[in-house]
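S.K.: Okay, here's the prediction I keep looking at, along with the sequence it came from:
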Amino acid sequence: MSERPDISTPEHIRQLVDAFYGKVRVDPMLGGIFNGVIQDRWPEHLAKMYTFWGTVLIGEQSYQGAPFRPHKDLPVQQEHFDRWLVLFRSTVGGSFQGPVAELALTNAERMAAMFMERIGFYRDHPERFIQ
């Protein structure tokens, strides 16, 4: 059995993002939401995710954007974030191991919690967000 590498290169980031979103796109709970919003813009979305995770995990400093804004109006609840995390954990754990892989899991858990909290706040106080 070969050891799984840690996440350390742009190719690892692409592998992670492609495998994860490949699962998301066909997932019974998440696929309809993501495909409905992204539609035919998957190449652009994946490119943005490469830069996001490359910046967060391997210091590429290539991501520019506000990650929450595109998510604030999604029709999601806690169970959607829970499912997102299940898919993310299985993707990371299936291909990678090491400190950066652990960092990916920690960041995903923090991001899911923060997004759900902010989505709830936005739903309760939409006037506080600039469109």
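M.R.: That came in fine, so what should we check first?
S.K.: tell me which element the most centrally placed residue in the chain falls in.
M.R.: Geometric centre of the chain, nearest residue: residue 108, 6.7 Å, by Cα atoms, centre = their mean. Assessed by DSSP states H and E, residue 108 sits inside helix 99-124.
S.K.: got the buried residues for that helix?
M.R.: Judged by neighbour count (16 or more other Cβ atoms under 10 Å), helix 99-124 contains these buried residues: 100-101, 103-105, 108, 111-112, 115-116, 119, 122. Every residue, glycine included, has its C-beta placed from N, CA and C.
S.K.: for that helix, packing partners?
M.R.: helix 42-58, helix 78-95 (3 or more Cβ pairs under 8 Å, 6 or more residues apart in numbering; DSSP states H and E).
S.K.: what's next to the first one, contact-wise?
M.R.: Yep, that's helix 42-58 we're talking about. Helix 42-58 has contacts (Cβ atoms under 8 Å, 6 or more residues apart in numbering) with 7-10, 12-14, 16-18, 21, 25, 38, 60-65, 67, 100, 103-104, 107.
S.K.: Low-confidence regions, the protein specifically.
M.R.: Applying pLDDT under 70 to the chain flags residues 1-2, 126, 128-131.
S.K.: Can you pull out the residues in contact with stretch 74-90?
M.R.: Contacts for stretch 74-90 (Cβ under 8 Å, 6+ apart): 20, 23-24, 27, 29-30, 33, 37, 104-105, 108-109, 112-113, 115-116, 119.
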